[in-house]
Each structure stands twice: as C-alpha cells, then as structure tokens.
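Undergrad: here's a sequence, model it:
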Amino acid sequence: MDPKAIIPHREPFLYLTEVTEIVNLTSGKGYLELTGEEWFFKGHFPSRPTMPGVLMIEALAQLGAYVVLSNEKFKGKLPLFGGIDKARFRQQVLPKDTLWLEVSLNKMGSKGGTGTGVAKVNGKVACETTMLFVLVNT
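TA: Alright, predicted model coming up:
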C-alpha cells in the first residue's frame, strides 16, 4: 500500500516505502528501503554513513500515522508527536538496508493516543520506542 495515499508526508521527509499490513486498524507493518543516496547519509557520518536514530523513530511514527488515518473516524485529522518514551537504539542502520517497521496502537481517543514501535534490520532490532501523539485538525 502506498503511504502517500494516506499520510501527508512527502520527499525528502517521507520515511516509509510501503505499508504491507494493517490489522484491525490497531497495528501495521511496513518498511523503508534505503538506497544510500538519502540526504542524511552524506553528513551522518561521511566515514561510516548511519541513519540517525531520530529518523528511525520518525519512520515508525509515519507508519503509526498511516494506521490512525486508515480509520475513517479520524478523517480530517493529523497525528503529531506528543512525546517519545523508552527509545532504545540497538544497532546501526546503513545504506542499502531495509528497515522493517511494526507499530501497535495501545490507546486511542478522539484527541490522541499511544503506540509502540519496533524497527528491525535482517531480523535484529535496530530501534524500539513508545510514542504519544495528539490529533489536530488539518
């Protein structure tokens, strides 16, 4: 599923290549294919290009936004970060890696909610976090 059909993010700040699964409008899976040509690899770090951890969390948040906005109940809303908790970075994400993403919404209300996310490369956890988001009108 094409993320651009649901979320408003666009290049160069779109960090979701494809959504592969949505389950009961409460969880989702997808991925980000990294070519090595992404803008952040040029300066982070030139001798060992590494995806910044904050962008791994952004990729998870974009998948979470896709799950939220797939629910007709939230049409005309935009999920924004309200907080990030328990973020842990377990391994580097390098050029040519595929970052596999999984998000579960834990609590949802009319004004926001919480979710958890895990990003993996080759089956190994690269990043995991808990996210808080608020819903605003577009």
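Undergrad: what about residue 112, distance to residue 83?
TA: 10 Å (CB to CB, to the nearest Å). C-beta here means a position set from N, CA and C on the backbone, and glycine is covered the same way.
Undergrad: could you do residue 8 as well?
TA: 21 Å.
Undergrad: likewise residue 36?
TA: Separation of residue 36 from residue 83 (CB to CB): 32 Å.
Undergrad: ditto for residue 102
TA: Distance from residue 102 to residue 83, by CB to CB: 20 Å.
Undergrad: in contact with the spatially most central residue of the chain, which residues?
TA: Computing the C-alpha centroid of the chain and ranking residues by CA atoms, centre = their mean puts residue 60 first, at 1.9 Å. Listed by CB atoms under 8 Å, 6 or more residues apart in numbering, the contact partners of residue 60 are 101, 103, 117-119, 127, 129, 131.
Undergrad: how about a cut-off of 6 Å?
TA: Applying CB atoms under 6 Å, 6 or more residues apart in numbering to residue 60 gives the contacts 101, 103, 117, 119.
Undergrad: what strand or helix carries it?
TA: Mapping residue 60 onto the secondary structure by DSSP states H and E places it in helix 53-69.
Undergrad: average pLDDT for that helix?
TA: Mean pLDDT, helix 53-69: 97.
Undergrad: repeat for stretch 75-92
TA: In this model, stretch 75-92 has a mean pLDDT of 96.
Undergrad: show which residues not belonging to that stretch make contact with it.
TA: Residues contacting stretch 75-92 (CB under 6 Å, 6+ apart): 50, 53, 65, 68, 124-136, 138.
Undergrad: next one: residue 124 relative to residue 118, how far apart?
TA: On the measure of CB to CB, residue 124 and residue 118 end up 11 Å apart.
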